[in-house]
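# Task: produce atomic coordinates for the following.
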Amino acid sequence: MAYRAFKEHGSRSLFLTYNQALIADVRRTMYIFQIPGSLSRGGIQVDSVMSFILKVMNHFELIDDDMDFLEDYKEIGQSFLTYMESGTITETDILSMLTKHGDKFGFDYIFIDEGQDWTSEEVRMIKAVYSHQNLIIADGIDQIIRGEVADWRSGVPQNDIQIHNLRRSLRMKSNLARFANSLAEKLGLVEWKVQPNNEAGGGRIIIRIGNYDFDADYHSKLLKGAFETGNKPIDLLFCAPP
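As a prediction, this is how the structure comes out:
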């Protein structure tokens, strides 16, 4: 979506995630496709949530030299929100930051990765800096990792909220998606269903009864067959119950 906005309208987008490996991967992809991220040319800029918030905090001089940003991360973010709510930092100050330092903060759209895992302080800070109308949030509601469910709707008029349910399974091989649908149906999970991606053929599931640890020959045979058909270790998933 960010790439399309750039190609069709010359838009400049900020892609925020807390996944460092993903940042490296997206930046590599952007380099290969020669996608810029500058204020003058548009494109996409990729950053971590913490790194971007650090830039905002530094701009407003909220970080002392003796502070440990990672250790005091939540406290620093809360102080920014307190200053906003008290009027110490105003909307005019935010607008000045966006216009005078467009190279760091001037974006048409903000793409939020794994939105379900953002902390309440992170959500409130990004909404304080950018209008909710410029936010595009990927919300994997069943993939909570950081411990709390982020509330992006708070304070947003219902008419300004657009929800697009993505049903097509792009990560799983088509056979795996069909298996997951069948298993969900057997388990009574009537709301859980994905649309198999028929362009991603294949997907083999083996259910083995017994203690897998002591069957080295079978394991070696599986690996050999997988490698001979062009698969890599990342294509294999072993689920061993305790």
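# who's in contact with the helix or strand Tyr83 falls within?
Per DSSP states H and E, Tyr83 falls inside helix 73-86. Under the contact criterion CB atoms under 8 Å, 6 or more residues apart in numbering, helix 73-86 has outside partners 50, 53, 56-57, 60, 62-63, 67, 69, 88-89, 119, 121-122, 124-125, 128. Quick note: C-beta positions are derived from backbone N, CA and C, even for glycine.
# Now the element after that helix, going C-ward?
Where DSSP H and E defines the elements, the next helix or strand beyond helix 73-86 is helix 91-100.
# What is the distance between the helix holding Tyr83 and the centre of its chain?
Counting by CA atoms, centre = their mean, to the nearest Å, helix 73-86 is centred 24 Å from the centre of its parent chain.
# avg pLDDT for that helix?
In this model, helix 73-86 has a mean pLDDT of 88.
# For that helix, output the C-alpha coordinates as CSV.
Taking C-alpha atoms only, helix 73-86 is exported to CSV below (Å, rounded to 0.1, in the frame of the first residue of the first chain):
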residue,chain,number,x,y,z
TYR,A,73,11.2,4.2,27.9
LYS,A,74,7.7,4.0,29.4
GLU,A,75,8.4,6.9,31.9
ILE,A,76,9.7,9.2,29.1
GLY,A,77,6.7,8.5,26.9
GLN,A,78,4.4,9.2,29.8
SER,A,79,6.1,12.5,30.4
PHE,A,80,5.5,13.5,26.8
LEU,A,81,1.8,12.7,27.1
THR,A,82,1.6,14.7,30.4
TYR,A,83,3.2,17.7,28.7
MET,A,84,0.7,17.4,25.9
GLU,A,85,-2.3,17.1,28.2
SER,A,86,-1.1,20.1,30.3
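# Now do it and helix 91-100, the angle between them.
With axes from the mean of the first three to the mean of the last three CA atoms, to 10 degrees applied, the angle from helix 73-86 to helix 91-100 works out at 120 degrees.
# Find the helix or strand that the residue sitting furthest away from the middle of the chain is a member of.
What lies farthest from the middle of the chain is Asp217; by CA atoms, centre = their mean that is 39.6 Å. In this assignment (DSSP H and E), Asp217 forms part of helix 216-228.
# and what of Ala5?
helix 2-9.
# The helix or strand just after that helix: how far from the chain's middle?
The C-terminal neighbour of helix 2-9 among helices and strands, as given by DSSP H and E, is strand 12-17. Strand 12-17 has its C-alpha centroid displaced from the chain centroid by 10 Å (CA atoms, centre = their mean).
# on contacts alone, who are the packing partners of strand 12-17?
Using 3 or more CB pairs under 8 Å, 6 or more residues apart in numbering; DSSP states H and E as the contact test, the elements touching strand 12-17 are helix 2-9, strand 42-48, helix 49-59, strand 109-112.
# How far off centre is stretch 28-46?
Put simply, stretch 28-46 sits 18 Å off its chain's centre (CA atoms, centre = their mean).
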